[in-house]
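Peer 1: have a look at this fold, sequence not included:
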């Protein structure tokens with residue numbers, strides 16, 4: 001699990017608790033439907049503690065967050081909200097506080113596992129490595 005553990009391209013495979021989570025964070029209903037079983041491809045470029053994390057959504061929409069571990073960065077939620085956050089490394093997991101939820105990402109058995117938690121609702125998304 002070296003420092004370059006995250007680099008690669010990952011395609012959505014499965015998720016759990018999507019509806020409960022997006023309701024909890026107040027995602028508008030048009031975005032809720034768009035995000036459901038969304039075959040997003042996540043592309044991670046990692047250079048030491050510097051990351052570029054891009055989500056490619058079907059239909060050409062892309063969200064990119066660039067950040068350095070332990071340094072404040074300008075970020076954007078998948079709902080399009082801009083905010084400032086500091087990404088930390090916690091035991092091999094990337095952890096960040098979004099405006100209304102906490103998000104972690106880790107590599108488990110070659111898959112990218114992302115967990116978002118808001119007021120006790122846990123949303124888990126698993127993506128398989130494709131490149």
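Peer 2: Yes, it's here. Owing to the predicted nature of the structure, the values given are computational and were not obtained by experimental measurement. Numbering: from 1, shown residues only.

Peer 1: buried ones in stretch 77-95, by neighbour count?
Peer 2: By neighbour count on 16 or more other C-beta atoms under 10 Å, the buried set for stretch 77-95 is 77, 78, 79, 85, 87, 94, 95. Every residue, glycine included, has its C-beta placed from N, CA and C.

Peer 1: and the last one, which of the three is it?
Peer 2: Think residue 95. strand (DSSP: H, G, I helix; E, B strand; the rest coil).

Peer 1: ok, it touching residue 86?
Peer 2: No. Applying C-beta atoms under 8 Å as the test, residue 95 and residue 86 come out as separate, 9.6 Å apart.

Peer 1: before we move on, back to that, lowest pLDDT pick from the buried residues of stretch 77-95?
Peer 2: When the buried residues of stretch 77-95 are sorted by pLDDT, the bottom entry is residue 78 at 67.

Peer 1: any low-confidence regions in the chain?
Peer 2: With pLDDT under 70 as the threshold, the chain has low-confidence stretches at 1-4, 37, 78.

Peer 1: which stretches in it count as strands?
Peer 2: Using DSSP state E, the strands of the chain run over 8-16, 41-47, 50-56, 62-68, 72-76, 82-86, 88-90, 93-97, 102-108, 111-118, 121-129.

Peer 1: span of stretch 69-80 from start to end?
Peer 2: Chord length of stretch 69-80, first to last residue, is 22 Å (C-alpha to C-alpha, to the nearest Å).
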